[in-house]
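Q: Prediction below, plus the sequence it came from.
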Amino acid sequence: QVQLVESGGGLVQPGGSLRLACAVSGLTLDYYAIGWFRQAPGKEREGVICISSSDGVTYFSDSVKGRFSISKDDAKNTVYLQMNSLKPEDTAVYSCATDCWGATEHWGQGTQVTVSS
């Protein structure tokens, strides 16, 4: 059974940082890409960033370039989303999935990130 569990969300002030984690079980990251997505209130879900099985990184949101980065720990089967210089417009529920474009049935439950003073 494939499971993805996000953690690390919370409330942070503008300019602050958070690191989200996506712990994956039931499959190995040696063969699967993991994408991070976010959905803000009243908006459609959007792709943020993705890391391939061979560690290639793709940004899907120009607004996060230079501020967000993605990495993975194969030993822990976990993917991390490092978010720096956070802005109020980054407020959203962040989810991970086993596909860079979200074309998968395997999603995590999401973690709330709120950027506010």
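A: Everything's here; your move.

Q: Quick one: mean pLDDT for the helix or strand hosting L20?
A: Taking DSSP states H and E as the criterion, L20 maps to strand 18-25. Computed over strand 18-25, the mean pLDDT rounds to 98.

Q: Show me what the next helix or strand after it packs onto, helices and strands only.
A: Downstream of strand 18-25, the first helix or strand assigned by DSSP H and E is strand 34-39. Counting contacts by 3 or more C-beta pairs under 8 Å, 6 or more residues apart in numbering; DSSP states H and E, strand 34-39 is packed against strand 18-25, strand 46-51, strand 78-83, strand 92-97. C-beta here means a position set from N, CA and C on the backbone, and glycine is covered the same way.

Q: wait, what's in contact with the residue nearest the centre of the chain?
A: Geometric centre of the chain, nearest residue: W36, 3.1 Å, by C-alpha atoms, centre = their mean. W36 is in contact with L20, C22, G47, V48, I49, C50, I70, V79, L81, Y94, S95, C96, counting by C-beta atoms under 8 Å, 6 or more residues apart in numbering.

Q: Could you count how many residues lie near F60?
A: Neighbour count for F60, taken as other C-beta atoms under 10 Å: 16.

Q: Take the helices and strands packed on strand 34-39 and lay them out in a markdown table including distance to V12 and mean neighbour count.
A: Shown next, in a markdown table, are the helices and strands packed on strand 34-39 (distance: least, C-beta to C-beta, whole Å; neighbours: other C-beta atoms under 10 Å):
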| stretch | distance to V12 | mean neighbour count |
| --- | --- | --- |
| strand 18-25 | 5 | 19 |
| strand 46-51 | 16 | 21 |
| strand 78-83 | 9 | 22 |
| strand 92-97 | 12 | 23 |
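
Q: can you put those strands in CSV and add distance to G10?
A: Below are these laid out as CSV (distance: least, C-beta to C-beta, whole Å):
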stretch, distance to G10
strand 18-25, 7
strand 46-51, 17
strand 78-83, 11
strand 92-97, 11
